[in-house]
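J.: Fold the stuff below for me.
(chains A and B)
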2 protein chains.
Amino acid sequence: MNEFELIQRLTHNLPMNDSVVVGAGDDCAVLDVGAGGRWLLFKTDAVVEGIHFTSETAPEKIGRKALARCLSDIAAMAGTPTAALVTIGLPRKFDAELVEKIYVGLNALARQHGVAIVGGETTTNPERILISIALIGFVPRGKVLLRSGAKVGDAIFVTGELGGALAGKHLDFEPRLAEARWLAENFAVHALMDLSDGLAGDLRHILKASGVGAELLKRAVPISRAAKENAKRGDAAKPALVAALTDGEDFELLFTLASKLAVPLLDAWQQEFPKLRLSCIGKIVAGEGLRLRDGTGVRPLPAHGYVHFS
Amino acid sequence: MNEFELIQRLTHNLPMNDSVVVGAGDDCAVLDVGAGGRWLLFKTDAVVEGIHFTSETAPEKIGRKALARCLSDIAAMAGTPTAALVTIGLPRKFDAELVEKIYVGLNALARQHGVAIVGGETTTNPERILISIALIGFVPRGKVLLRSGAKVGDAIFVTGELGGALAGKHLDFEPRLAEARWLAENFAVHALMDLSDGLAGDLRHILKASGVGAELLKRAVPISRAAKENAKRGDAAKPALVAALTDGEDFELLFTLASKLAVPLLDAWQQEFPKLRLSCIGKIVAGEGLRLRDGTGVRPLPAHGYVHFS
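T.: Residues are numbered from 1 along each chain as shown, chains lettered A, B, ... in the order given. From the prediction side, this is the model:
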């Protein structure tokens, strides 16, 4: 059983109450807690030594990444983060200076986004450092952007460039909070999420939640320089397009909106965020599943990203 | 450096914003998020295999305990829990049935207290299971009960019986949510917290936060049957009183209020909660530190609980 199958089994009959607008399954939970014109967003995310960072990673960057991942989930709902709790699991003999440096990186990013750090705890995790962040935020009532709103005919957009994030971007990425709020305020976005597991896998979450399919244009997928450079490292290297489709940790925004808004959006985006690339990478179609189109035709795109064009 | 020293260093200059009513240092963070007449409570707590439970512990009880600890922190603020997120770190080859059973125990306790489980995540923690719960709740605006309100002359109370929780109670305890809300609604409680690290250590948090001292009456400390039975197991065993003062995981309420209310409280409590013992164990005094009184006199009570009466 893989992680997704397990989650499906665990989440099919969870305890609920009247406060729940959106429970498990989107980027954040959404709760109506009577906070005037706002809904509460609630999210946790963990990073683990040896998996999301190594013993060589600068501790400031570990702390930054732990919070940035959670902030990206708030962005994925077009929300604004408010306050976080920090849980750190540490070996019994921990390096206090290292823990302080983790907090330096985390606190700096929190200040940048106006997020209060309101506590947390340290616990013992003997073999490796584990950091779990719990984050609350808010979104204007009824204005939350879910994965489930994609419609047939929508254009599909992605910010930034994809693939190769492990070369460095996974520690330095900017959560797209301002961009997501601007999108929600200025365009009728139908579906929104952040990319954490790779475009080919993550887009399927939107498709499944929305009951639709998608066709991506091969030449429109924005490939990062890191993915291109990795691809040059010998025959065993992953092709750059496959990296862009399947590498995780991009933390860019993936969203859809009516195709008639595609050109106005690209124009307005260029004015508002001239330094951040925005790419229209395909369209939402009827049916299900993900396909990739190039000059020779259209073929199904498996989750591992490898497509064999004849 | 121990856990408390580290936390002190980490929490002295955390990022803040206008929403924060109480940041790090009490049982929960308290936030003013414009939710009408209520303040938001925010808490995380983690349990780790080999530390808070073993590979022999029934998985339903592991899940129950993980949530119950967090609920106890909401009780410690006289609040009501609303919704939780569940983070589980698992070895790469996990037993799916065990994880499902963890959720069975957790979900049952959540339903009992009307708490929604609104998501979470699974991550990889190769050597051991780790469960971190993030919980939000609410408390009537301005009615939160902190550690910092104890006043000289207050009577000190504790619910239940203390010590020996590792014999079983640490997996089965009832978070004192109803009791804490009833206290807050009916009596002018000055300071409140839940006991997690043992009375002798935890009471010091109230004393330090309130700038006062305390004197406990040796014969008034309620000692659990488990602590008494443990004490009979040979000369090396911890004396029952020491167990009651220093064993962790009691998850009972510890609170203070004006001594003139002590008798009315004991009367009303007996009517409201006839099955749960409530003990007046001492008084708040001027100065600092914790002392223990018996028939022969008063002596300082160190955090390890051992007092040598001559």
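J.: CA atoms for contacts and neighbours, from now on please.
T.: OK.
J.: ok, the residue of chain A most remote from its centre - contacts?
T.: Farthest-out residue of chain A from its mean C-alpha position, per CA atoms, centre = their mean: residue A:93, at 33.8 Å. By CA atoms under 8 Å, 6 or more residues apart in numbering or on different chains, no residues touch residue A:93.
J.: Might you report the residue contacts of residue A:228?
T.: A:239-240.
J.: can you check the one 10 residues further on too?
T.: Contact analysis of residue A:238 by CA under 8 Å, 6+ apart lists A:230-231.
J.: Repeat that for residue A:197.
T.: In this structure, residue A:197 makes contact with A:246-250, judged by CA under 8 Å, 6+ apart.
J.: Check residue A:293 too.
T.: Residue A:293 sits next to A:215-218, A:299 when contact means CA under 8 Å, 6+ apart.
J.: I'd like to know which of the residues you listed are part of strands.
T.: For the contacts of residue A:293, the ones inside strands are A:215-217, A:299, with DSSP state E as the criterion.
J.: Can you pick out the most distant pair from the residues you listed?
T.: Pairwise distances across the ones in strands among the contacts of residue A:293 peak at 10.8 Å for A:217 and A:299 (criterion: CA to CA).
J.: Residues that sit against both of the two, list them.
T.: In contact with both residue A:217 and residue A:299: A:292-293, using CA under 8 Å, 6+ apart.
J.: what about the residue farthest from the centre of chain A, which SS state?
T.: coil (DSSP: H, G, I helix; E, B strand; the rest coil).
J.: What part of chain A, helix or strand, is modelled with the least confidence?
T.: When the helices and strands of chain A are scored by mean pLDDT, DSSP states H and E, helix A:3-10 comes last with a mean of 82.
J.: Show me which residues of it are buried.
T.: For helix A:3-10, burial by neighbour count (16 or more other CA atoms under 10 Å in any protein chain shown) applies to A:7, A:10.
J.: Then stretch A:185-198?
T.: A:189-198.
J.: any low-confidence regions in chain A?
T.: By pLDDT under 70, the low-scoring segments of chain A are A:305, A:307-310.
J.: residue closest to the middle of it?
T.: residue A:194 (2.6 Å).
J.: unless I'm mixing things up, it is touching residue A:73, no?
T.: Yes: counting by CA atoms under 8 Å, residue A:194 touches residue A:73, with 6.5 Å between them.
J.: can you list residues touching both of those two?
T.: Joint contacts of residue A:194 and residue A:73 (CA under 8 Å, 6+ apart) are residue A:27.
J.: Chain neighbours aside, what residue packs nearest to the residue nearest to the centre of chain A?
T.: residue A:253 (4.6 Å; CA to CA, 6 or more residues apart in numbering or on different chains).
J.: so what's that neighbour up against?
T.: By CA under 8 Å, 6+ apart, the contact list for residue A:253 reads A:76, A:158-159, A:176, A:180, A:192-195.
J.: if you look at these, which of them are in helices?
T.: Taking DSSP state H as the definition of helices, the contacts of residue A:253 contribute residue A:180.
J.: Determine which two of the contacts of residue A:253 are furthest apart.
T.: Within the contacts of residue A:253, A:180 and A:195 form the most distant pair, 13.1 Å apart (CA to CA).
J.: any idea how far residue A:89 is from chain B?
T.: Relative to chain B, residue A:89 is positioned 9 Å away (CA to the nearest CA, to the nearest Å).
J.: ok, and what's touching the host helix or strand of that residue?
T.: Using DSSP states H and E, residue A:89 maps to strand A:80-90. With contacts defined as CA under 8 Å, 6+ apart, strand A:80-90 is touched by A:71, A:74, A:113-139, A:177, A:181, B:19, B:42-46.
J.: same deal with stretch A:267-282?
T.: With contacts defined as CA under 8 Å, 6+ apart, stretch A:267-282 is touched by A:155-161, A:179, A:214-218, A:220-222, A:262, A:266.
J.: Would you mind measuring the gap between the ends of that stretch?
T.: 18 Å (CA to CA, to the nearest Å).
J.: Please apply the same query to stretch A:2-17.
T.: Start-to-end span of stretch A:2-17 (CA to CA) is 29 Å.
J.: which outside residues touch it?
T.: Applying CA under 8 Å, 6+ apart, the contact partners of stretch A:2-17 are A:24, B:96, B:100, B:103, B:107, B:110-111, B:114-119, B:121-122.
J.: Among those, name the ones in strands.
T.: Per DSSP E, strands hold the following members of the contacts of stretch A:2-17: B:116-119, B:121-122.
J.: Buried ones among the residues you listed?
T.: Neighbour-count burial (16+ other CA under 10 Å) is assigned, among those, to B:116-119, B:121-122.
J.: quick one: which of the residues you listed is nearest to residue A:53?
T.: For these, the nearest to residue A:53 is residue B:122 (16.9 Å; CA to CA).
J.: Could you pull up the contacting residues of the closest one?
T.: Going by CA under 8 Å, 6+ apart, residue B:122 touches A:3, A:7, B:87-90.
J.: How many neighbouring residues does the closest residue to it other than its chain neighbours have?
T.: Nearest residue to residue B:122, sequence neighbours excluded (CA to CA, 6+ apart): residue B:88, at 4.8 Å. If you count neighbours by other CA atoms under 10 Å in any protein chain shown, residue B:88 ends up with 23.
J.: Identify the bridge partners of residue B:88.
T.: residue B:122, residue B:131 (DSSP bridges).
J.: And the next helix or strand past the least confident helix or strand of chain A?
T.: strand A:20-22.
J.: Tell me the strands beside that following strand, with direction?
T.: Counting by DSSP bridges, the strands paired with strand A:20-22 are strand A:29-35 (antiparallel).
J.: Identify all contacting residues around the helix or strand immediately after the strand it pairs with in the chain.
T.: Moving toward the C-terminus from strand A:29-35, the next helix or strand (DSSP H and E) is strand A:38-48. Identification of contacts with strand A:38-48 by CA under 8 Å, 6+ apart yields A:27-33, A:53, A:66, A:69-70, A:73-74, A:79, A:128-142, B:85, B:87, B:120-121, B:123-125, B:134.
J.: Can you flag the buried ones in those residues?
T.: The neighbour-count test (16+ other CA under 10 Å) applied to the contacts of strand A:38-48 identifies A:27-33, A:53, A:66, A:69-70, A:73-74, A:79, A:128-139, B:85, B:87, B:120-121, B:123-125, B:134 as buried.
J.: quick one: residue A:250 and residue A:162 touch, right?
T.: Yes: at 6.1 Å, residue A:250 counts as touching residue A:162 under the criterion of CA under 8 Å.
J.: which residues in the stretch 151-300 of chain A form strands?
T.: Taking DSSP state E, counting those that start in this stretch as the test, the strands found in the stretch 151-300 of chain A are A:154-159, A:189-194, A:213-217, A:253-258, A:278-285, A:289-294, A:297-300.
J.: List the buried residues of the shortest one.
T.: By neighbour count, and taking 16+ other CA under 10 Å as the criterion, the buried residues in strand A:297-300 are A:299-300.
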